[in-house]
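> I'd like to go over a predicted model; first the sequence, then the structure.
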Amino acid sequence: MGIPQQGQSPVDIAGALADIRRQDPPIHGGRVLAYVYDAGVAESMSAGLAALGAFAEVNALDPTTFPSVARIENDLVGWGLDLMQAPAGAAGVLTSGGTESCILAVLAARERWRRAGGVGTPVILLADTAHPAFHKAAHLLGVDVRTVPVDRSTFRLTDDAVAEALEASGDRAALVVASAPSYAHGVVDDVTGIAATCATRGIPCHVDACIGGFTLAYARLGGETVLPCDFAVDGVTSIGMDLHKYGFSPKGASLLLFRDTDLRSGTYYAFSEWPGYPVVNTTLQSTKSAGPMAAAWAVAHALGHQGFIDAVRRAREATRRIALTVESIPGIQVVASPDSTLIAIAGEGDDSIDPFRLADAMRRRGWILQPQPSLSDLPRTLHLTVQPVSLDSIDSFEADLRSACDEVRGLPWIDASTDLEAAFAALPDLTSGGPLPEEMAGVHALIDALPPEIRDPALSAIFAGLFTARRD
Ligand SMILES: Cc1ncc(COP(=O)(O)O)c(C=O)c1O
């Protein structure tokens, strides 16, 4: 499988790549309910892909050489600021994705904290449902994390819990993060209360709307009532919202918005004390492709506001229907009523269904739902990222969900905790790149059972086993 001595023809290359790609599940059509976001509008995706190719080699490192980069970024940031009801003076930056937006939000807050005279190690306050990107940010940026449990009946982070954690953090508190919504449970934290609590203490409040920013804004513009989570809420100082999620653009684009340019300045990095070109970076990357930003611009123009309103309406309608169906099936329930377009399914009642077994039963029917392990008293669940196209196949999805539940109802939950060694032994050797088993419930149950200090290295080891290229 190495690189050929002589170059191959474009036709041969396209064929070979298509063969490689055949291992993957379909990106379009709504069969995969995580990782992908299909608006179901062929014209917008083809406009995005054409722009991706046309701008792939434009280097967004330098908007003075490539003015198109500033033009496109300004248009996209301006759009995000409008959607998030930003006040005059607000600004933003275009990043490569949700994780980069989270990291830069933490960096901006850390820099403001330092400029304000903060000494020692700053701390950021996160719900226990906050996306791991913030833990990664803290890890990379030398910041401590104080984890705050969400309310166990609503699964939301509350202002009371934040106030208590801020009290305990004292002068080290540099940032509070709220989610809109949380990925794991699909609920919006109490942004209004949390931001007010932050504002009275002068602490920045970041809203992670990476996955919900576009859906909640366009649901509001479509006339629905949504929970407040944007700059109209006093005390919200920054917001992340991903173009490559419900902005329906190809991967590699997110917006990070700030209430003021002073906060944004913390994400910029300039260095000229070397004999080469003066480096100015607005994000973590330096050389970067303008392809994803041009693609997002093209998708936005292909859909228009009305296209987004319609797409979000369809995704929300599908979400409501699936949630109702889940509630009507014995043995499963939604963890919380969905605030946007994400659903978490848990087992319920006497005949409680194991979500991991259900994932396998759905996979046999051609649907990919995402298993989420338990965390202390938070149960194992299945995650669904519902998309506009989900409405097209809603009847067959619901029928398959019912029959999958019938298939696995009454089966014991797969529990690896009673005999971890046996559970390990029963699995193929994942850490040496062996093929993943057809039935994944055992793997997920094992991950579920491992204590976090073993779980995380084990997960890394599984990935290391997948990336096997090395010199002998
Ligand atoms: C709420 C939230 N924040 C951050 C991220 C990280 O985004 P990305 O995978 O684009 O880095 C995600 C991803 O799903 C998310 O849902």
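All right, it came through fine.

> now the helices for the stretch 301-450 of the chain?
Here the stretch 301-450 of the chain has its helices, by DSSP state H, counting those that start in this stretch, at 355-364, 394-408, 420-425, 441-449.

> so which elements touch the shortest one?
Counting contacts by 3 or more Cβ pairs under 8 Å, 6 or more residues apart in numbering; DSSP states H and E, helix 420-425 packs against helix 441-449. Just so you know, the C-beta spots here come from the backbone N, C-alpha and C atoms, and that holds for glycine as well.

> report the distance from the helix it packs on to the chain centre.
22 Å (Cα atoms, centre = their mean, to the nearest Å).

> got it, and stretch 256-270?
Per Cα atoms, centre = their mean, the centroid offset for stretch 256-270 relative to its chain is 22 Å.

> contacts for the lowest-mean-pLDDT helix or strand in the chain?
The helix or strand of the chain with the poorest confidence is helix 420-425; it has a mean of 74 (mean pLDDT, DSSP states H and E). Contact with helix 420-425 is made by 416, 442, 445-446, 449-450, as judged by Cβ atoms under 8 Å, 6 or more residues apart in numbering.

> next, the buried residues of that helix.
Within helix 420-425, the residues that count as buried by 16 or more other Cβ atoms under 10 Å are A423.

> repeat that for stretch 108-115.
Neighbour-count burial for stretch 108-115, counted by 16+ other Cβ under 10 Å, picks out 108-113.

> same deal with stretch 82-97?
Buried residues in stretch 82-97, defined by neighbour count with 16+ other Cβ under 10 Å: 83-84, 86, 90-97.

> sec struct for the closest residue to A127 other than its chain neighbours, please.
Counting by Cβ to Cβ, 6 or more residues apart in numbering, A127 lies nearest to L157, which is 3.9 Å off, once chain neighbours are set aside. Three-state assignment for L157 (DSSP: H, G, I helix; E, B strand; the rest coil): coil.

> could I get the pLDDT score of L157?
Each residue has a pLDDT score; the one for L157 is 98.

> OK, contacts around it?
Counting by Cβ under 8 Å, 6+ apart, L157 touches 127, 129, 148, 150-151, 178-179, 189-190, 194.

> you'd agree D456 is in a strand?
No: D456 is assigned helix when assessed by three-state DSSP, not a strand.

> what are the contacting residues of stretch 291-298?
44, 47-58, 60, 68-69, 72-73, 75-76, 94, 96, 243-244, 247, 249-253.

> mind checking which of the residues you listed are in strands?
Counting by DSSP state E, the part of those found in strands is L94.

> need the buried ones from the contacts of stretch 291-298 selected in PyMOL.
Here is the PyMOL command that selects the buried residues among the contacts of stretch 291-298 (16+ other Cβ under 10 Å):
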select buried, resi 44+47+48+49+51+52+55+58+60+69+72+73+75+76+94+96+243+244+247+249+250+251+252+253
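
> before we move on, back to that, filter the buried residues of stretch 82-97 by proximity to the ligand?
When contact is defined as Cβ under 6 Å from any ligand atom, the buried residues of stretch 82-97 meet the ligand at G97.

> what does the stretch 51-200 of the chain have sitting close to the ligand?
Selection of the stretch 51-200 of the chain residues close to the ligand by Cβ under 6 Å from any ligand atom yields 97-99, 102, 131, 133, 179, 183.

> ok and the residue in the stretch 351-472 of the chain nearest the ligand?
The ligand sits closest to T385 of the stretch 351-472 of the chain, with a gap of 8.1 Å, by Cβ to the nearest ligand atom.

> okay, the nearest residue to that residue once chain neighbours are set aside: pLDDT?
Excluding the flanking residues, the one nearest T385 by Cβ to Cβ, 6+ apart is A34, at 5.0 Å. For A34, the model assigns a pLDDT of 98.

> sticking with A34, tell me its helix or strand.
In the assignment (DSSP states H and E), A34 maps to no helix and no strand.

> what's the distance between it and A130?
Using Cβ to Cβ, to the nearest Å, A34 is found at 18 Å from A130.

> so which of those two has more stuff around it?
More crowded of A34 and A130, by other Cβ atoms under 10 Å: A130, with 25 against 16.

> ok, the closest residue to the more buried one other than its chain neighbours to A137 distance?
Closest residue to A130 apart from its sequence neighbours, by Cβ to Cβ, 6+ apart: V177 at 5.4 Å. Distance of V177 to A137, given as Cβ to Cβ: 10 Å.

> please apply the same query to P355.
Using Cβ to Cβ, P355 is found at 29 Å from A137.

> next: L76.
L76 is 22 Å from A137, by Cβ to Cβ.

> cool, and I309?
Plainly put, I309 is 33 Å away from A137 if you go by Cβ to Cβ.

> with S340 instead?
Separation of S340 from A137 (Cβ to Cβ) stands at 23 Å.

> show the average pLDDT along the helix or strand hosting the residue nearest to A130.
V177 is part of strand 173-179, with elements assigned from DSSP H and E. Mean pLDDT, computed over strand 173-179, is 98.

> who are the packing partners of the helix or strand following it?
Per DSSP H and E, the first helix or strand lying C-terminal to strand 173-179 is helix 191-201. If you count contacts as 3+ Cβ pairs under 8 Å, 6+ apart, helix 191-201 packs onto helix 159-169, strand 173-179, strand 205-208, strand 236-242.

> dump those to a markdown table, plus mean neighbour count and distance to C229.
Below are the helices and strands packed on helix 191-201 laid out as a markdown table (neighbours: other Cβ atoms under 10 Å; distance: least, Cβ to Cβ, whole Å):
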| stretch | mean neighbour count | distance to C229 |
| --- | --- | --- |
| helix 159-169 | 18 | 14 |
| strand 173-179 | 29 | 7 |
| strand 205-208 | 29 | 5 |
| strand 236-242 | 29 | 8 |
